[in-house]
Structures are given as structure tokens and as C-alpha cells.
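Asker: Below is the sequence, then the predicted model.
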Amino acid sequence: MIQTEDTIIALATPSGSGAIGVIRLSGPDAIMMANAVFKGKDLTKQATHTLHYGSIADGDFILDEVVVSLFVGPKSYTRENVVEISCHGSNYIIESIIKLLLKNGARAAKPGEFTLRAFMNGQLDLSQAEAVADLIASNSKASQQVALQQLRGGFSNQLQHLREQLVQFASLIELELDFAEEDVEFANRDQLKQLIHQITKIIGGLIQSFELGNAIKNGVNTVIAGRPNAGKSTLLNALLNEERAIVSHIPGTTRDTIEEVLNIKGINFRLIDTAGIREATDAIEQIGVQRTMEKISQSALLLYVFDAEQISLADLEADIASLQAPGITMLVIANKADLLNPDQLATLPHTEKAIIISAKEKLHIDELKQKIYNAAVKEQLTGNETLVTNIRHLEALQKTEQSLIRVLDGIDGVTSDFLAMDIKQALHYLSEITGAVTTDDLLENIFSKFCIGK
């Protein structure tokens with residue numbers, strides 16, 4: 001059972017020594033508890049959203065000089081009384097203040113419990129609460145923008161609009177059931193078909209957006225693969241603009257994977273440099289080649305690099321055919337263009353699809369970065385898009401879509417009670433996303449992944 005009646009406490013800033021530590025209290029007795037150990041103004045008589053300088057004392061022993069921030073419910077993050085104590089960032093001071101307030105009746109907060117209370121008290125819906133965790137974990141401009149858009153209710157508002165339209169028709173069909181003996185029809189079936197088609201189109205778009213949303217949130221697995229001495233490590237260094245990988249003319253130099261993050265226009269690409277694909281000459285290299293194939297199978301984007309000066313057309317086509325796989329986007333990159341004359345460049349195999357570069361001379365690297373970005377982001381991002389980034393939301397949308405398809409399949413053939421059942425099922429799955437329908441187990445699973453103090 002989720003508890004919301006007591007007063008909880010936690011450190012809201014990262015643990016460890018620092019200039020400032022912020023200790024957060026939330027609950028009905030938060031202001032009273034803080035006031036009992038605060039030497040300064042009477043906090044119980046102060047207005048909300050005010051700051052107060054004073055000290056925290058355990059009896060006559062002063063622990064620290066602090067600034068206390070007051071947020072009187074419901075005008076707070078949790079809609080409860082909230083107190084934030086800004087103290088010096090000494091581990092000893094922070095632990096002493098928390099222990100003192102625990103002794104005075106507060107309870108240590110669980111992970112995500114402040115945001116859980118914000119959800120339980122109607123400050124946020126569940127998708128917005130999950131966006132809080134995404135915002136904290138964001139590591140690029142794009143992931144920050146998507147999380148902020150969801151936190152502001154962009155996704156929730158779109159779902160609410162869909163839900164309201166379905167509820168209207170569901171209520172009319174329920175009304176038909178009350179007059180079943182009269183054989184009357186309150187819900188126009190043609191209008192219902194049109195509405196279901198519109199909603200399934202929107203939901204289908206949201207489902208399709210998950211590929212991009214997931215890439216923005218978690219980064220794009222990008223494997224650099226090719227034959228030995230194709231210039232894979234040199235390409236990694238050129239993309240990162242630093243000497244990250246060892247470069248040598250000796251085949252088999254790279255025997256293990258090297259992973260780095262490249263940010264292009266706010267999207268993180270997790271670059272993985274791999275061992276050259278060939279018949280291994282020893283056991284260690286064989287392991288490296290096996291790992292290469294494993295990484296390729298797990299990738300979303302494959303940068304296949306070939307030596308434009310050396311490779312034959314037959315070998316090139318064999319490599320491309322063997323590496324292509326469903327769900328993996330492949331960019332074919334012709335490297336070492338600096339060693340070829342214009343006539344040779346013009347007759348390169350697969351010129352129409354290959355991206356011609358020189359990793360060593362950093363020739364056309366910016367153009368390659370744009371191609372990499374375009375492969376992951378198929379359309380222009382404005383920051384206002386509604387993108388699905390959460391697997392829980394994706395699964396709920398897929399179930400909603402299936403329920404709506406059943407409505408369409410049975411709209412002319414099934415009775416009103418079965419039609420109402422399928423619409424209710426669709427409404428149930430939509431409501432799971434925002435938390436209008438939920439369970440304690442689901443909430444505990446979601447909020448257990450939050451940091452303590454948020």
C-alpha cells in the first residue's frame with residue numbers, strides 16, 4: 001500500500017561533498033518539523049514561496065547556518081507542504097540534519113517518492129511523472145527537449161483529446177443498451193467509423209515515432225565495420241576529432257570493440273569501432289571478429305567502410321549482402337579517396353550509393369555526419385513534436401490500436417454491447433498511459449527507478 005499521509009525527507013542534491021546541499025521535506029508536518037529545529041523566524045507563520053535565513057540546532061548545539069525555502073501546499077511540487085533546507089555541502093552536516101529530522105518524526109523517502117506524491121495528488125499525470133526521470137537522465141539537447149515537451153503535457157493533452165472523443169461515443173452506445181428493446185441507434189455508425197479511422201491514424205503515427213523517440217532518449221547504436229585496413233579506426237578518430245583509436249597499417253590491430261559517443265545536432269550516436277571482418281589468424285582475433293558480428297546484429301545503424309583503392313567489386317558486393325539485415329540501416333562508405341585520381345573516383349563501384357571520404361585527410365567528414373544524422377532522424381525536428389520514448393507507452397498504444405481495429409471490424413456486425421466492450425478496452429489502455437487506470441505494483445515499479453530526493 002502506498003503511503004502519502006506521513007512526512008518524508010531526503011537529500012535532493014547529489015551525494016558527496018559540495019558547496020551546497022539541499023534537504024527536502026514533504027508532508028503535512030514538514031513546516032512544523034523544520035520549525036522545531038530552526039532558529040530564526042517562526043516558519044509556521046510565513047507565506048509560501050519565501051526564503052528564510054537562520055540556523056539548524058539540535059538543542060543548544062548549532063549544526064549549520066542555512067536558508068530555508070517554504071512551499072505551502074497546494075502550491076508546491078507535491079501539492080503538500082514542502083520545505084527545502086539549503087545547508088553547506090559537508091557530508092557530516094547533511095547527515096546530522098537528516099538524522100535530527102528523522103528523530104523528530106520524518107521518514108526517509110523512497111526513490112521517486114516526491115514525484116509519486118505529485119502524481120497521487122494530481123499535480124502530474126503518470127506520463128508527465130515519467131518525463132521527470134527522463135529529463136533528469138537527458139544527455140543531449142534533443143532528449144532534453146523531448147522530455148520537457150512531455151513534462152509540459154504535450155503527450156498527455158493529445159491522449160486526453162483522443163480519449164474524450166471515444167468517451168462521447170461510448171456513452172451513446174451505452175445509452176443504446178438502456179433502450180435495447182426499443183431498437184434505437186444513438187451513435188451514428190458512419191461517424192464512429194470516421195472517428196476510429198482518425199484516431200487509429202494518430203495512434204499509428206505515435207507508434208511509428210517510437211523509433212526516433214527511443215533513439216533520442218537512449219542514443220543510436222552505430223557500428224563501424226569493414227575489412228582490415230579499411231580505415232575504420234581512422235574514421236572513428238575523424239568523427240570524434242581526436243585520436244581515440246590506435247591506427248596502424250598492420251591488419252588486425254583492432255581486436256576488441258572501442259565505444260565512444262558522438263553528438264550530432266543534439267542526437268547521441270554510440271559509435272562502436274570493431275575488429276576487421278576476415279578469417280582470423282589467431283584465437284584472440286577470432287574472438288574480436290565474433291564480437292564484431294554480435295555488435296552488428298545489435299546495431300540500429302551500420303557504417304560499412306571499404307578501401308576504395310583496394311577492394312574488388314565482387315568482395316564489396318559480398319560484404320554488403322552479408323551485412324544487410326532487417327532493422328539495420330546501412331551506410332556504405334568509400335574510404336581513402338585521397339589516394340585516387342578523379343577518373344578512378346568516377347568509376348568506383350556503388351558510386352550512386354557510397355559516401356566517398358578520406359578519413360585520414362578528414363575529407364567529406366561533415367557531409368558524412370549529416371548522412372548519419374539523416375539516417376536516424378528522417379524529418380526535421382522542431383522541438384514541438386509528440387514522440388513516444390517509453391516502451392510502456394508504446395505497448396499501451398499498440399493495445400489501443402488493436403482494440404480500435406476490433407471496433408472497426410465489428411461495427412456493422414456485432415451488437416452494441418460488444419462494440420461498447422471494445423471501445424472501453426481502448427479507453428482502458430489509453431488511460432494506463434496517463435495513470436487514470438493503474439496499480440500499486442505498476443507505480444512502485446516506475447518510481448523505484450527514480451533517484452532518491454526527486
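Answerer: Happy to help now that I have it.

Asker: Which of the helices and strands in this protein ranks last by mean pLDDT?
Answerer: Within the chain, no helix or strand scores below helix 283-298, which has a mean of 68 by mean pLDDT, DSSP states H and E.

Asker: Correct me if wrong: K362 contacts N237.
Answerer: No - with contact defined as Cβ atoms under 8 Å, K362 does not reach N237; the gap is 9.4 Å. Yep, even glycine has a C-beta here, placed from its N, CA and C like the rest.

Asker: Those two: who's more crowded?
Answerer: N237 (21 against 16; other Cβ atoms under 10 Å).

Asker: Alpha carbons only: can I get stretch 84-101 in PDB?
Answerer: Extracted as PDB, the C-alpha positions of stretch 84-101 are listed here (Å, rounded to 0.1, in the frame of the first residue of the first chain):
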ATOM      1  CA  GLU A  84      13.900  22.700   1.400                       C
ATOM      2  CA  ILE A  85      16.900  23.300   3.600                       C
ATOM      3  CA  SER A  86      20.000  24.700   1.800                       C
ATOM      4  CA  CYS A  87      23.000  23.900   4.000                       C
ATOM      5  CA  HIS A  88      26.700  23.700   3.500                       C
ATOM      6  CA  GLY A  89      27.600  20.600   1.500                       C
ATOM      7  CA  SER A  90      29.500  18.700   4.200                       C
ATOM      8  CA  ASN A  91      28.600  15.100   4.400                       C
ATOM      9  CA  TYR A  92      28.600  15.400   8.200                       C
ATOM     10  CA  ILE A  93      26.300  18.400   8.300                       C
ATOM     11  CA  ILE A  94      23.900  16.900   5.800                       C
ATOM     12  CA  GLU A  95      23.700  13.600   7.700                       C
ATOM     13  CA  SER A  96      23.300  15.300  11.000                       C
ATOM     14  CA  ILE A  97      20.400  17.500   9.800                       C
ATOM     15  CA  ILE A  98      18.600  14.500   8.200                       C
ATOM     16  CA  LYS A  99      19.200  12.300  11.400                       C
ATOM     17  CA  LEU A 100      17.800  15.200  13.500                       C
ATOM     18  CA  LEU A 101      14.600  15.500  11.400                       C
END
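
Asker: how about the strands in the stretch 201-350 of the chain?
Answerer: Ranges of strands in the stretch 201-350 of the chain, per DSSP state E, counting those that start in this stretch, are 220-226, 258-264, 267-273, 301-307, 329-335.

Asker: Can you tell me which helices and strands the fourth one packs against?
Answerer: Looking back up the chat, that one is strand 301-307. strand 220-226, helix 232-240, helix 313-323, strand 329-335, helix 365-376 (3 or more Cβ pairs under 8 Å, 6 or more residues apart in numbering; DSSP states H and E).

Asker: buried sites along the longest one?
Answerer: The one in question is helix 365-376. If you call a residue buried by 16 or more other Cβ atoms under 10 Å, then helix 365-376 has these buried ones: I365, L368, K369, I372, A375, A376.

Asker: what's near enough to touch the third one?
Answerer: Think K369. L239, L262, I264 (Cβ atoms under 8 Å, 6 or more residues apart in numbering).

Asker: Could you dump those residues into TSV with distance to N81 and neighbour count added?
Answerer: Shown next, in TSV, are the contacts of K369 (distance: Cβ to Cβ, whole Å; neighbours: other Cβ atoms under 10 Å):
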residue	distance to N81	neighbour count
L239	51	24
L262	46	18
I264	45	18
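
Asker: Between these, which sits nearest C87?
Answerer: L262 (39.9 Å; Cβ to Cβ).

Asker: any chance you could map the helices in the stretch 51-200 of the chain?
Answerer: 91-103, 113-120, 126-137, 141-151, 154-178, 189-208 (DSSP state H, counting those that start in this stretch).
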